[in-house]
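# Predicted model follows, preceded by the sequence.
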Amino acid sequence: MGREHWKKIWVGSAGNMVEWFDWFVYASFATYFAGAFFPEGNDTAKLMNTAGIFAVGFFMRPVGGWLLGRVGDRKGRKAALTLTVTLMSASAVLIAVAPTYGVAGYGGAAVLLVARLLQGLSVGGEYAASATYLTEASAPQHRGFASSFQYVSMTAGQILGLGLQIVLQRTMSDAALHSWGWRIPFIVGALGAAVVFYLRRTMLETEVYEASADDPAAGPGTGDPAERGTLKALWAHRREAFLVIALTMGGTVAYYTYTTYLTKYLSNSAGLPKQTATLVSFCALIVFAAIQPLAGRLSDRIGRRPLLITFAVGSTLLTVPIMTMLKHAGSFWPALGLSLLALVVITGYTSINACVKAELFPTRIRALGVALPYAIANALFGGTAEYVALWFKNAGVESGYYWYVAGCAAVSLVVYVTMRETRDIDLGRVGGEPDRAGRTAQPEAPAPGAPTPAA
């Protein structure tokens, strides 16, 4: 890959990292600030209240997906990426200064809710904008490898959040963390977003988007500028949109189970000290981030479907035993080993899902096509994963959640088995997109030795 491609990947990934740092520190520090906004009830009830607000942020993601996906298709990937980080910075500032229950009653929880709504709006567009940008900015033979850096950056944001949490846990008293120390990561996130805002204002647009923007072709559903990023244009690709929802379902539930919820599960259910639970997540996520590009590169060689199918089979069969053994792990090393096993399994999804979704849509509707259905799937399954897990626990049937995760993976498995291979698709001409001469083209023929696309 050339230097210019690496620069585009770096700028896109750096912004994504800060976005997800802000998004995930809410979940990782929830055990410290839950009592500041919801003082009534037991620890699980307090976590359910903060998890409920966490889930509300996901329900704003379809709105953000529609709004910022439209911006990305009509104004460019750069414009959408700059706007998302601006919104995220504002939400981080709001959480950092939110008054506690003792100062403003439930007014503090209201501020927290508004901040999460802004975060949901931002992340709803960030995923699609960065997925589209990273996929389009890379050479065709390296799309899986390049797009894998989306989850590298997402995970790096969480690693930074957990790393900061470990530092604060070892330099501050537990009382200080519960009192005011939990505000520190949100201040850090706001400052980081300001730096990324500058970087994104100087980033380069993708060549695929620029070529499409210059295309003189006209007419509904082809190259008409008025059709870019519209729901009407997306409806013409509704099969692909529903496919994105279905293939996201199992992956997003598994991802949030073993990332954002893992620390709480190890602390609240397995009985590990908070410091130990945090360290387990931190170490596991470092390995997880490191193997994403390896899996992405593998998909460039053998195709996307084999990795997706491997994830779904593994998650369907192994979720119940892994979660059951995690609950009884008892110490750092068993918990780390089981967590790593789970994260290796879901790498088959996380490493390539960004490029798979982007490869399904033509350029004029790619950002919205990825953003809206993905955000809907996350609102229904990803954002509610933690709340559903706590609901099962509060009801005294925690193992029911294990079967829920396995069931979602099984549904996605059916989709992976029946979907077509997308590795060899030409991004500039996918889905009937006109080429520069105005001709409508089909996807590129597979390279020699490549898997035959499924019907």
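Arrived safely.
# after the helix or strand residue 85 falls within comes which helix or strand?
For residue 85, the enclosing helix or strand under DSSP states H and E is helix 77-97. Later in the chain than helix 77-97, the nearest helix or strand by DSSP H and E is helix 101-104.
# Check which residues of that next one are buried.
By neighbour count on 16 or more other CB atoms under 10 Å, the buried set for helix 101-104 is residue 101. All C-beta spots, glycine's among them, are computed from the backbone N, C-alpha and C.
# Give me the contacts around that helix.
Helix 101-104 is contacted by residues 36-39, 108-109 when judged by CB atoms under 8 Å, 6 or more residues apart in numbering.
# Sort out which residues of the helix or strand harbouring residue 111 are buried, please.
Following DSSP H and E, the helix or strand that holds residue 111 is helix 107-136. For helix 107-136, the neighbour count (16+ other CB under 10 Å) marks 108-109, 111-113, 115-136 as buried.
# Check the average confidence over it, would you?
If you average the pLDDT over helix 107-136, you get 86.
# Mind checking what helix or strand follows it in sequence?
The first helix or strand that comes after helix 107-136 along the chain, using DSSP H and E, is helix 143-147.
# who does that next one touch, helix- and strand-wise?
Counting contacts by 3 or more CB pairs under 8 Å, 6 or more residues apart in numbering; DSSP states H and E, helix 143-147 packs against helix 107-136, helix 274-302, helix 353-358.
# Turn those into JSON lines, including distance to residue 190.
Shown next, in JSON lines, are these (distance: least, CB to CB, whole Å):
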{"stretch": "helix 107-136", "distance to residue 190": "11"}
{"stretch": "helix 274-302", "distance to residue 190": "22"}
{"stretch": "helix 353-358", "distance to residue 190": "26"}
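# Can you say which of those is nearest to residue 249?
Relative to residue 249, the nearest member of the helices and strands packed on helix 143-147 by CB to CB is helix 353-358, separated by 11.3 Å.
# residues making contact with the closest one?
Residues external to helix 353-358 that are found in contact with it (CB under 8 Å, 6+ apart): 127, 130-132, 134-136, 143-144, 146-148, 150-151, 244, 247-248, 251, 296, 299, 304, 308, 366, 369-370, 374, 422, 427.
# Centroid-nearest residue for the protein?
residue 127 (6.1 Å; CA atoms, centre = their mean).
# residues touching the nearest residue to that residue once chain neighbours are set aside, list them.
Leaving aside its sequence neighbours, residue 127 sits nearest to residue 374 (CB to CB, 6 or more residues apart in numbering; 6.1 Å). Contacts for residue 374 (CB under 8 Å, 6+ apart) come out as 65, 127-128, 244-245, 248, 357.
# Show the average pLDDT along stretch 270-290.
92.
# outside of that stretch, which residues touch it?
So stretch 270-290 is in contact with 28, 31, 151-152, 155-156, 158-159, 162-163, 165-166, 169-170, 258-259, 262-264, 266-267, 326-332, 335-336, 339-340, 343-344, 347, going by CB under 8 Å, 6+ apart.
# Which positions in that stretch come out as buried?
Neighbour count says stretch 270-290 has 270, 272, 274, 276-285, 288-289 buried, by 16+ other CB under 10 Å.
# now, which of the residues you listed sits nearest residue 199?
Nearest member of the buried residues of stretch 270-290 to residue 199, counting by CB to CB, is residue 289, at 20.2 Å.
# Which residue comes closest to that closest one once chain neighbours are left out?
residue 155 (4.1 Å).
# Was I right to think the one you found contacts residue 292?
Yes. Counting by CB atoms under 8 Å, residue 292 is a contact partner of residue 155 at 7.3 Å.
# Check which helices and strands whichever strand or helix holds residue 326 sits against.
Using DSSP H and E, residue 326 maps to helix 305-327. Contact partners of helix 305-327 among helices and strands, from 3+ CB pairs under 8 Å, 6+ apart: helix 238-258, helix 262-268, helix 274-302, helix 332-350, helix 399-418.
# could you redo the last one with a cut-off of 7 Å?
In terms of contacts (3 or more CB pairs under 7 Å, 6 or more residues apart in numbering; DSSP states H and E), helix 305-327 is packed against helix 238-258, helix 274-302, helix 332-350, helix 399-418.
# between the last one and helix 305-327, how many degrees?
Going back to what we said before, that points to helix 399-418. Angle between the axes of helix 399-418 and helix 305-327 is 170 degrees (criterion: axes from the mean of the first three to the mean of the last three CA atoms, to 10 degrees).
# for the shortest one, same thing?
For helix 332-350 and helix 305-327, the angle between their directions (the same axes, to 10 degrees) works out to 160 degrees.
# what angle do helix 332-350 and helix 238-258 make?
Using the same axes, to 10 degrees: helix 332-350 against helix 238-258 is 170 degrees.
# returning to that earlier point: the residue nearest to residue 289: neighbouring residues, count only.
If you count neighbours by other CB atoms under 10 Å, residue 155 ends up with 25.
# residues touching it, list them.
Residues in contact with residue 155 (CB atoms under 7 Å, 6 or more residues apart in numbering) are 285, 288-289.
# now do 8 Å
With contact set as CB under 8 Å, 6+ apart, residue 155 has these partners: 20, 259, 285, 288-289, 292.
# And residue 119, by the same measure?
Residue 119 sits next to 22-23, 26, 57, 60, 87-88, 91 when contact means CB under 8 Å, 6+ apart.
# Residue 80 versus that one, what's the distance?
Going from residue 119 to residue 80 by CB to CB, to the nearest Å gives 16 Å.
# what does residue 421 give?
Distance from residue 421 to residue 80, by CB to CB: 28 Å.
# Who has more neighbours out of those two?
When neighbours are counted by other CB under 10 Å, residue 421 and residue 80 differ, and residue 80 comes out ahead with 28 against 20.
# Give me the buried stretch members for stretch 323-341, please.
The neighbour-count check on stretch 323-341 (16+ other CB under 10 Å) flags 323, 326-327, 329, 332, 335-336, 338-341 as buried.
# and the two most separated of those residues?
Of all pairs drawn from the buried residues of stretch 323-341, the one with the longest distance (CB to CB) is 323 and 332, at 17.8 Å.
# Now stretch 77-97 - C-alpha only, PDB.
What follows is stretch 77-97, C-alpha atoms only, in PDB (Å, rounded to 0.1, in the frame of the first residue of the first chain):
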ATOM      1  CA  ARG A  77     -16.900  11.300   3.300                       C
ATOM      2  CA  LYS A  78     -14.700  14.100   4.700                       C
ATOM      3  CA  ALA A  79     -17.600  16.400   5.500                       C
ATOM      4  CA  ALA A  80     -19.400  13.600   7.400                       C
ATOM      5  CA  LEU A  81     -16.400  12.500   9.300                       C
ATOM      6  CA  THR A  82     -15.700  16.100  10.400                       C
ATOM      7  CA  LEU A  83     -19.300  16.600  11.600                       C
ATOM      8  CA  THR A  84     -19.300  13.400  13.600                       C
ATOM      9  CA  VAL A  85     -16.300  14.200  15.700                       C
ATOM     10  CA  THR A  86     -17.700  17.700  16.400                       C
ATOM     11  CA  LEU A  87     -20.900  16.200  17.900                       C
ATOM     12  CA  MET A  88     -18.900  13.700  19.900                       C
ATOM     13  CA  SER A  89     -16.800  16.400  21.400                       C
ATOM     14  CA  ALA A  90     -19.900  18.300  22.500                       C
ATOM     15  CA  SER A  91     -21.400  15.200  24.200                       C
ATOM     16  CA  ALA A  92     -18.100  14.500  26.100                       C
ATOM     17  CA  VAL A  93     -18.100  18.000  27.500                       C
ATOM     18  CA  LEU A  94     -21.700  17.600  28.600                       C
ATOM     19  CA  ILE A  95     -21.000  14.400  30.500                       C
ATOM     20  CA  ALA A  96     -17.900  15.900  32.100                       C
ATOM     21  CA  VAL A  97     -19.900  18.800  33.600                       C
END
